[in-house]
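>>> Sequence and predicted model, in that order:
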Amino acid sequence: RYDDLKNMLDQNKDFLKLEAMKRIIGMIAKGKNASSLFPAVVKNVACKNIEVKKLVYVYLERYAEEQQDLALLSISTFQRGLKDHNQLIRASALRVLSSIRVPIIVPIMMLAIKDGMTDMSPFVRKTAAHAIPKLYSLDPDQKESLIEIIDKLLSDRTTLVAGSVVMAYQEVCPERVDLVHRHFRKLCNLLVDVDEWGQIAILSMLTRYARTQFTDPNKYYDSFDGIADKPFYEEESSSDSDEEKIKEKLPKYVMDPDHRLLLKCSKPLLQSRNSAVVMAVAQLYYHLGPRQEVSVVAKALVRLLRGRREVQAVVLQNIASMTLMRKGIFEAFLKSFYVRSTDPTHIRVMKLEVLTNLATESNISIILREFQTYVRSSDKQFVAHTIQAIARCATNIEEVTDTCLAGLVSLLSNRDEAVVAESIVVIKKLLQMNPSQHCDIIKHMARLVDNIQVPMAKASILWLIGEYSEFVPKIAPDVLRKAVKHFPSQENIVKLQIINLAAKLFITNQRQTKLLAQYVLQLGKYDQSYDIRDRSRFIRHLIMPSSELANGQIHKHAKKILLAPKPAPVLESPFKGRDAYQLGSLSHAINAEANGYQKLPDFPETQPDPSVRTVEPVTTDRRRPGRTARSKPPKKKSFYSDEDSSEESESGSSSSGSEDSESDSGDSSYSESESGSDETEGPDSRVSDSDKVKKKTVTPALAAASDSGRSHSEESSGESGSSSSEEESSEEEVKPPPKRQTKRKKETVNLLDLDDFSPPSVSPSKSSTSLLTPMLASDLQGLSLGGANHVEMAGTSSGKSYELLHRVTGGGLSAKYRYPRSPCIYSDTMITVELEFTNSSDSPIQNIHIGEKKLQAGLKVHDFAEIDAIEPGSSKTSTMGIDFCDTTQPLVFDICTKSRKFNVSVKIPVGELVKPVSMAQTEFLNQQGILSGMNENKGKVNVPETIQSSINKKVMEIVNVCIVPSTQSNIHRYAGKTAHGGSVLLLSIDLSESGEAKLIVNCDKMVIGSMVFKQVKEAL
């Protein structure tokens, strides 16, 4: 069996293996057993083809638990897969490893989970979170270690991870409420961005958390049920005034801000397309919300009734429970619960339940008219439930009891025996409420006893006649006589009622029924059912004691025993009592405690300390802890100061978080989570985004340009410059800038911080641009920043030019571009691109500017200043800034002249995405240790001795890095960081071996690291 698939898997050709694996996965998807192929599949676990490897991991995940011995042979392959450069392979390897349920590999699984927890890919961290419950079920002794991992993963800001780690938390340690305190507000704010199933897990967990940390918002309304459950359109001034008086007497409830935050953040999820998410929000509001606010969930739940039948059934079950307690929530949507002809029986029955629960004096006439239609249905089960619903309405609303009873009696003449039988059973219960007024109904039912064949209906009629025989003294003996004739052929339930009827009539009318009673008791004495035999012997000795027992006392009380007044039965909803279970849970659906169900905790009487949820923002500035991002004293230190650069770096990285903490309901924990985000590959925390200095001395021309562009630059929202500009604007609000125009003429020219006079991001005016661009271009030539660690350095220009526009294509206009490797004056995340335009035509070319830009995701451009005209045979140079977002994707745009436009593209070599960073040797080695494993590319290169002397030049031509001083002459080290994300790039060349060099490239951005490694290797 499956020999063809085994042969395909044994071939050396990847396309055959891929086809075989696709067919195998297809078989598994259809439910077929493919476990016999495990040996053939597991051999391909080390296949180099990524597509094949993915499918092999999917297969192993399914069958690893069944074929544990064979799966254990591949443990080493899975461990190698954990270090693969592809995040899907790493995640799949971790998933398969956690699926092998063998205690001996628990330490390996624990190490894999710890590695996955710190992985740079959110997808791998999510898989690590999924593996935690698997390891816990395999070895519960690892609980403490797993709790530490969960605690760290809860700090993850990535929306992909949040739901999975909360699910792991609920499986491993749901009782550890203290783990949630610090992350409560973060989870509330992440709710809308988490995936749908993660939202369900978080909502469930936060519901339980809130029940332990907040007080009951409805505590003071328990004695006043009319506020929320009033009829929708009731307008009675007297009742309204009474309610207002009661409200005034009740203590004032003040909701905790975090309680309000949870309700506020979960409310938008009522619009989710996932019905389970909507249901989760509904149960949260039902269990946590003030009763006057719970009504917001009604419309969302009614919307779900248009979904699939399975969804309708679950939603109606929960609505039925909600309407029992708070019927006012859904009263406005009464018509949404009308039964449709296409509804299956179980949906119809639950809609009946909801309609019955919603019945009030104001809408009962509408509901009863609807029920009259339902009793004509061909669905017998539905008709029976409709009759029961009518009876419930009759018992709940006294005003319509007689009307309902008359309607039920009219059903006794129905041709359908099932309808008549159900009506009799229901009428019997209603008659117990006031039997003396309904003697005619009892007589009418007595006449039906011969025609009724349904045992329960016949037993109900016999019970009614026996219980109220004084109202029908002439009919009762005759009914007993007819019943006795067919006693042996009746069902047990009917036989028992015949015996009871005989005993009751013997007590009330012994003269006419003594012989019949003796005959029935004699028949019952030899019946096949022991219940009938026991009942007959008991009744005989109770009402007809023998001569030995004649002096006993019990038979004297026979009438009190058999004809004792009995309370009328209360017709209750079958959903009563389900509110003991959490709404939306499996236990609520089956009305029994399911395995693993955890009871929803009760609200505390007094609220626990709310300060445990307040997380102070992490202050990274150790030198001046009193500083904030909003107000800073003026600094007089020089541009090259270590302290200045480090302080500005730290403030820039934390300002966005501080902004959020002030704007989001006073939540000071947001600043920590924003600044310490794990979600994206942001700037390295050890490298400043830009060195910002507030007080500097400048030349008059540059000061004018700075002043003209300052207001615009402070409003711009560039990714890296926003923090700086916000700080500057806020500082200027607190303290107006001093007048420096008279001083500038006397001051000397110092090197400048380029961010302070960046031109606006919108198209600048010609006057400011003409001052800014040429002067800075000349001033910045050879700019070198040293003396501080992690300070950006302007590298040496590679000198290579690239053609942007050919003169033939451009009608005489040609353009070239190059990367001068000078700091960009527009933004510290942008790369400076120098453009040279040449006019090869015979006439001037006017108005050269950038037209339409086709920006890929994330790309940002600062246009070069418009060139008024280029005379024939002359050239002009201009600069532009491009933020490539640490990718090599080209920038496509139009170069426009007065009469034409030309589509061009700027491509960037991977080495130009890097900016040089000065670094000490010890720090280089520390960083290299951190960026090991999958962030490392290494190999051996043949380096001729002729090149070894110029190796620094070769490397720096390819990649824009800074030489790291080395104590070993045979090891060359270089450091840089990516322009956009600030990811550190380290490059080292070890020339210890003669003729061969060991090349190592380390970088967070694996793509950039591998491309740099390849290009340097080719150049050497």
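That came through fine. In this text, all values refer to a predicted model and were calculated from it rather than measured experimentally.
>>> What is the burial count for the residue nearest to Asn839 when sequence neighbours are not counted?
Leaving aside its sequence neighbours, Asn839 sits nearest to Ile870 (CB to CB, 6 or more residues apart in numbering; 4.2 Å). Where you see a C-beta, it was placed from the backbone N, CA and C, and this is true even at glycine. A count of neighbours around Ile870, defined by other CB atoms under 10 Å, yields 20.
>>> Give me the pLDDT value at Ile870.
At Ile870, the model reports a pLDDT of 90.
>>> OK, contacts around it?
Residues in contact with Ile870 (CB atoms under 8 Å, 6 or more residues apart in numbering) are 813, 837-839, 844-845, 848, 876.
>>> Show me how far whichever helix or strand Glu19 is part of is from its chain's centre.
Following DSSP states H and E, the helix or strand that holds Glu19 is helix 14-29. Between the centre of helix 14-29 and the centre of its host chain there is 33 Å, according to CA atoms, centre = their mean, to the nearest Å.
>>> After it, which helix or strand is next?
Next along from helix 14-29, by DSSP H and E: helix 38-42.
>>> Name the residues of that following helix that are buried.
38, 40-42 (16 or more other CB atoms under 10 Å).
>>> Pick the one among those residues closest to Leu859.
Set against Leu859, the nearest of the buried residues of helix 38-42 by CB to CB is Val41 (43.3 Å).
>>> What's the local residue count around the nearest residue to the closest one once chain neighbours are set aside?
Here the nearest residue to Val41 in space, its sequence neighbours aside, is Tyr59; by CB to CB, 6+ apart that works out to 5.2 Å. Applying other CB under 10 Å, we find 23 residues neighbouring Tyr59.
>>> Secondary structure element holding Tyr59?
Assigned by DSSP H and E, Tyr59 belongs to helix 50-63.
>>> How about Asp115?
helix 106-117.
>>> can you give me the helices for the stretch 501-650 of the chain?
Using DSSP state H, counting those that start in this stretch, the helices of the stretch 501-650 of the chain run over 510-525, 530-543, 558-562, 586-590, 642-663.
>>> Can you list the low-confidence ranges for the protein?
For the chain, the stretches flagged by pLDDT under 70 are 1, 220-251, 436-437, 547-552, 568-569, 616-799, 857, 946, 993-995.
>>> Break it into its domains for me.
Under the assignment the TED database, the domains of the chain span 3-215, 801-908, 914-1018.
>>> end-to-end on the longest one?
As for domain 3-215, its first-to-last residue distance stands at 66 Å under the measure CA to CA, to the nearest Å.
>>> Use 37 as the first number for this chain going forward.
Yep, numbering from 37; the last one is domain 39-251 now.
>>> now it: how far from the chain's centre is it?
The gap between the average C-alpha position of domain 39-251 and the chain average comes to 18 Å, counting by CA atoms, centre = their mean.
>>> tally of neighbours for the residue nearest to Leu190 when sequence neighbours are not counted?
With CB to CB, 6+ apart as the criterion, Leu190 has its nearest non-adjacent residue at 4.8 Å, and that residue is His219. Neighbour count for His219, taken as other CB under 10 Å: 23.
>>> quick one, what contacts Leu557?
Neighbouring residues of Leu557 by CB under 8 Å, 6+ apart: 535, 538, 572, 575-576, 580.
>>> how does it look with 6 Å?
By CB atoms under 6 Å, 6 or more residues apart in numbering, the contact list for Leu557 reads 572, 576.
>>> Check Ser157 too.
Contact partners of Ser157, counting by CB under 6 Å, 6+ apart, are Gln123.
>>> before we move on, what about Tyr1010?
Contacts of Tyr1010 by CB under 6 Å, 6+ apart are 997, 999, 1023.
>>> for the residue nearest to Asn875, which residues make a bridge with it?
Beta bridges link Ile906 to Ile881, judged by DSSP bridges.
>>> Please report how far it lies from Gly887.
Separation of Ile906 from Gly887 (CB to CB, to the nearest Å): 17 Å.
>>> before we move on, the earlier item: backbone dihedrals for the residue nearest to Leu190, both of them.
Backbone torsions of His219, given as degrees, to the nearest 10, read phi -110, psi 0.
>>> Could you give the number of residues near Glu435?
Glu435 sits with 9 neighbouring residues when counted by other CB under 10 Å.
>>> picking that back up, out of the buried residues of helix 74-78, which comes closest to Gln618?
Looking across these and measuring by CB to CB, the closest to Gln618 is Phe74, at 41.1 Å.
>>> how far away is the nearest residue in space to Val94 that is not next to it in sequence from Leu1027?
Once flanking residues are discounted, Val94 sits nearest to Ile61: 6.0 Å by CB to CB, 6+ apart. Distance, Ile61 to Leu1027, using CB to CB: 49 Å.
>>> List the contacts of Thr915.
So Thr915 contacts 868, 870 (CB under 6 Å, 6+ apart).
>>> Assign it to one of the three secondary structure states.
Look at Thr915: counting by DSSP: H, G, I helix; E, B strand; the rest coil, its state is strand.
>>> now do Lys531
helix.
>>> you'd agree it is up against Ile568?
Yes - counting by CB atoms under 6 Å, Lys531 does reach Ile568; the two are 5.3 Å apart.
>>> Compare those two and say which is more crowded by neighbours.
Neighbours were counted for Lys531 and for Ile568 using other CB under 10 Å; Lys531 has more, 26 against 21.
>>> can you pull up the bridge partners for Glu872?
The partner list for Glu872 in beta bridges (DSSP bridges) reads Lys852, Thr913.
>>> quick one: the residue nearest to Val77 and Val78 touch, right?
No - taking CB under 6 Å as the definition, Tyr95 is not a contact partner of Val78, at 8.6 Å.
>>> Distance of Leu444 relative to Lys852?
Taking CB to CB, one finds Leu444 at 96 Å from Lys852.
>>> which of the two has more neighbours?
Neighbours per residue, other CB under 10 Å: of Leu444 and Lys852, the larger number sits with Leu444, 21 against 16.
>>> The more buried one belongs to a strand, doesn't it?
No - going by three-state DSSP, the assignment for Leu444 is helix, not a strand.
>>> contacting residues around it?
459, 463.
>>> do that again at 10 Å, thanks
For Leu444, the contact set (CB atoms under 10 Å, 6 or more residues apart in numbering) comprises 411, 423, 426-427, 430, 458-460, 462-463, 466, 477.
>>> Ile111 too?
132-133, 136, 138, 140-141, 144.
>>> which two from the residues you listed end up farthest apart in space?
Farthest apart among the contacts of Ile111 by CB to CB are Val132 and Ile140. That separation is 16.1 Å.
>>> Mind checking which of these two has more residues around it?
The neighbour comparison of Val132 against Ile140 (other CB under 10 Å) goes to Val132, with 25 against 10.
>>> Does the more buried one belong to a helix, a strand or coil?
Following three-state DSSP, the label given to Val132 is helix.
>>> wait, what's in contact with it?
Neighbouring residues of Val132 by CB under 10 Å, 6+ apart: 81, 92-100, 107, 110-111, 113-114, 117.
>>> one more time with 8 Å, if that's ok
Contacts of Val132 by CB under 8 Å, 6+ apart are 93, 96-97, 100, 107, 114.
>>> Just the CA coordinates for whichever helix or strand comes after the helix holding Asp151, please, in PDB.
Using DSSP H and E, the helix or strand that follows helix 142-153 in sequence is helix 158-174. C-alpha atoms of helix 158-174 as PDB (Å, rounded to 0.1, in the frame of the first residue of the first chain):
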ATOM      1  CA  PRO A 158       6.900  36.800  16.700                       C
ATOM      2  CA  PHE A 159       5.700  33.700  14.900                       C
ATOM      3  CA  VAL A 160       8.300  31.500  16.700                       C
ATOM      4  CA  ARG A 161       7.500  33.100  20.100                       C
ATOM      5  CA  LYS A 162       3.900  32.400  19.400                       C
ATOM      6  CA  THR A 163       4.800  28.700  18.800                       C
ATOM      7  CA  ALA A 164       6.800  28.600  22.000                       C
ATOM      8  CA  ALA A 165       3.800  29.800  23.900                       C
ATOM      9  CA  HIS A 166       1.700  27.000  22.300                       C
ATOM     10  CA  ALA A 167       4.300  24.500  23.400                       C
ATOM     11  CA  ILE A 168       4.100  25.500  27.100                       C
ATOM     12  CA  PRO A 169       0.800  23.700  27.800                       C
ATOM     13  CA  LYS A 170       2.100  20.600  26.000                       C
ATOM     14  CA  LEU A 171       5.200  20.400  28.200                       C
ATOM     15  CA  TYR A 172       3.100  21.100  31.300                       C
ATOM     16  CA  SER A 173       0.800  18.200  30.500                       C
ATOM     17  CA  LEU A 174       3.800  15.900  29.900                       C
END
